[in-house]
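Student: Got a predicted model here, sequence first, then my questions.
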Amino acid sequence: MELARSCSSFCSHSLSVPPPVYARDGGLPPNFAKVVVRVLVQDENDNVPVFARPWYGLEVPESQSPVELCIVRAADADTGPAGDIEYRITAGDPDGDFQLHVSSGALSTSRPLDREQRAGYSLEVVALDRGSPALSSTATVEVTVLDVNDNSPAFSSSSYTIDVSEDAAQGTPVLEVTATDADEGENGKVLYFLSQEARGAFTVDENTGRITT
Ligand SMILES: [Ca+2]
Ligand SMILES: [Ca+2]
Ligand SMILES: [Ca+2]
Ligand SMILES: [Ca+2]
């Protein structure tokens, strides 16, 4: 009799019914005892959890409060513990910026992300059954952190001192100031301009920061 068989996902543990066992003593007439043996067969762990998708791509704005991003799901054709799946992040998140619910597979951020610190993640997610031995499979979740304009331009120096001759010809280069902005694209583009009082005496190139008389 083959006890351990894989069964389809809807059958519960298969219950085999062997014939009853009797005992007889040596007396005359003999006395008998009967016992019924029930054997509960655990499903064999012969199915690997399979993710619905091997790859997930997500975009998350930076600076956002912790939020659920998606649910990763795997199916396992076994029953009982051999088909119970738990989910874990096994690589790509050394600082614990994400949380994966162990039984639901819900992936969330655990804190606001900072694009200037890290612009993207490649998370390795594992679905592991509770069979013995346990079987597992992996999926990849790529997270792109979208920029928010959360940085101001910063000058390379907080003040500049320069001597200019009073009879300097118009257009004489005076100084080139530089400011950088850690954001991306238009959010990080720096334009230079002069305060009202300085206009007339000096000119600044809005793109280069070069100041001339
Ligand atoms: Ca399994
Ligand atoms: Ca930021
Ligand atoms: Ca900015
Ligand atoms: Ca930013």
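Tutor: Perfect, thanks for sending it. Keep in mind it's a predicted model, so treat the numbers as computed, not measured. Ligands and ions are numbered 1, 2, ... in the order given.
Student: C-alpha from now on. contacts and neighbour counts both.
Tutor: OK.
Student: Need phi/psi at Gly188.
Tutor: The phi and psi values for Gly188, taken as degrees, to the nearest 10, are phi -110, psi 0.
Student: tell me the contacts of Leu175?
Tutor: Taking CA atoms under 8 Å, 6 or more residues apart in numbering, we find Leu175 in contact with 162, 210-212.
Student: Oh, that last question was meant for Asn187, not what I typed.
Tutor: In this structure, Asn187 makes contact with 148-149, 181, judged by CA under 8 Å, 6+ apart.
Student: and with 10 Å instead?
Tutor: Asn187 is in contact with 147-153, 181, counting by CA atoms under 10 Å, 6 or more residues apart in numbering.
Student: Checking it next. Helix, strand or coil?
Tutor: Following DSSP: H, G, I helix; E, B strand; the rest coil, Asn187 is assigned to helix.
Student: domains of this protein?
Tutor: 50-146, 149-213 (automatic domain parsing).
Student: which of the ones you listed sits most buried?
Tutor: Highest mean neighbour count among those (mean count of other CA atoms under 10 Å): domain 50-146, with a mean of 18.
Student: near ligand 3, anything from it?
Tutor: No - against ligand 3, domain 50-146 shows no contacts by CA under 5 Å from the ion, the least distance being 10.8 Å.
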